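# generate a structure from the sequence data that follows.
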Amino acid sequence: MNIYFLVEGKSTEPAVYPAWLSHLVPKLTKVDDFYSAVNNNYYIFSSDGIPSIYDDMLRAIDDINENGKYDYLVICLDAEEISLEERQKEIFEVLNVNGVSLEKAKLEIFVQNCCLETWFLGNRKVYSRNIQNHHEFLKYARFYNVSLYDPELMKKPKGYEYSIAYYHLKYLKAMFQARNISYSKNNSKEVQSEAYLEELKKRLSTESNHLNSLRCFVDFCAEIKNVIDL
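Prediction:
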């Protein structure tokens, strides 16, 4: 079992996904060179956002078809301002226009709804109950309580000039600051821990309709783990 992961960002994704994979599928080990994969390995390539990831996807498919050692191409990218279905449709349109397909490997697409930080907002332990003492966090908590409601359904305040993804990022930073924790795209160490991931998994188990795009990724990893552990 070998997997090629193509992720959208240059900073958070190539740090978080390997960390999470080490917890979710411990026997799947990372290789730094695409051609070094032998058995139960994965290679991860970080793109430079959308639409660059689509060009990288085409090159990845050519490499995988030529190499023949990979069982999956897993693409992880943000939905941002559009739906998961629309983002997936974009991918298939690019494949169809270019007449490209995987010969033997399977394609799996995981759309982060709306971004990776949205998933991180699902940790209820980090959400501060004493919000009155944290004025920056208070305005976010009053707009939408991510400990009660699905973070994936959170939009942005009316008149907010930046994207929904940016609002989710700022919300997460404020939530962490209320706990005296720092977070940035280049400093995502806090969310990489097994304890943090376990809290997100706990949210999935207790709320059947929350963080469904994260649930898809966690379920996929569980399937891969079962195959490798056989």
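# residue 45: neighbour count?
16 (other CB atoms under 10 Å). (Each C-beta comes from the backbone N, C-alpha and C, glycine too.)
# then residue 74?
Counted with other CB under 10 Å, residues neighbouring residue 74 total 23.
# tell me who's in contact with it.
Residue 74 makes contact with 3-6, 108-110, 220, according to CB atoms under 8 Å, 6 or more residues apart in numbering.
# tell me the secondary structure at it.
Here residue 74 is recorded as strand under DSSP: H, G, I helix; E, B strand; the rest coil.
# so how far is residue 146 from it?
Distance of residue 74 to residue 146, computed by CB to CB, to the nearest Å: 26 Å.
# have a look at the chain and report the helix or strand with the lowest mean pLDDT.
Lowest by mean pLDDT, DSSP states H and E among the helices and strands of the chain is helix 135-143, with a mean of 92.
# which other residues reach whatever helix or strand comes next after it?
Scanning forward in sequence from helix 135-143 by DSSP states H and E, the next helix or strand is helix 164-177. Helix 164-177 is touched from outside by 78, 80-81, 114-115, 117-118, 120-121, 126-128, 134, 136-137, 140, 144, 146, 151, 154-157, 160, 182-185, 190, with contacts defined as CB under 8 Å, 6+ apart.
# any quick PyMOL command for the buried ones out of those residues?
Applying 16 or more other CB atoms under 10 Å to the contacts of helix 164-177, the buried members can be selected in PyMOL as follows:
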select buried, resi 78+80+114+115+117+118+120+121+126+127+128+134+137+140+144+146+151+154+156+183+190
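# ranges for the strands of the chain?
Counting by DSSP state E, the chain has these strands, from start to end: 2-7, 29-30, 41-46, 72-78, 106-112.
# angle of the third one against strand 72-78?
For strand 41-46 against strand 72-78, the angle by axes from the mean of the first three to the mean of the last three CA atoms, to 10 degrees is 30 degrees.
# cool, and the last one?
If you take the same axes, to 10 degrees, strand 106-112 sits at 20 degrees to strand 72-78.
# show me what counts as buried in strand 106-112.
Buried residues in strand 106-112, counted by 16+ other CB under 10 Å: 107-112.
# neighbouring contacts of it?
By CB under 8 Å, 6+ apart, strand 106-112 touches 71-79, 84, 87-88, 91, 118-119, 213-214, 216-217, 220.
# from these, list the buried ones, please.
When the contacts of strand 106-112 are checked for burial by 16+ other CB under 10 Å, the buried set is 72-79, 84, 87-88, 91, 118-119, 213-214, 216-217, 220.
# and the closest residue to residue 160 other than its chain neighbours, how many neighbours?
Leaving aside its sequence neighbours, residue 160 sits nearest to residue 167 (CB to CB, 6 or more residues apart in numbering; 6.0 Å). Residue 167 has 22 neighbouring residues, counting by other CB under 10 Å.
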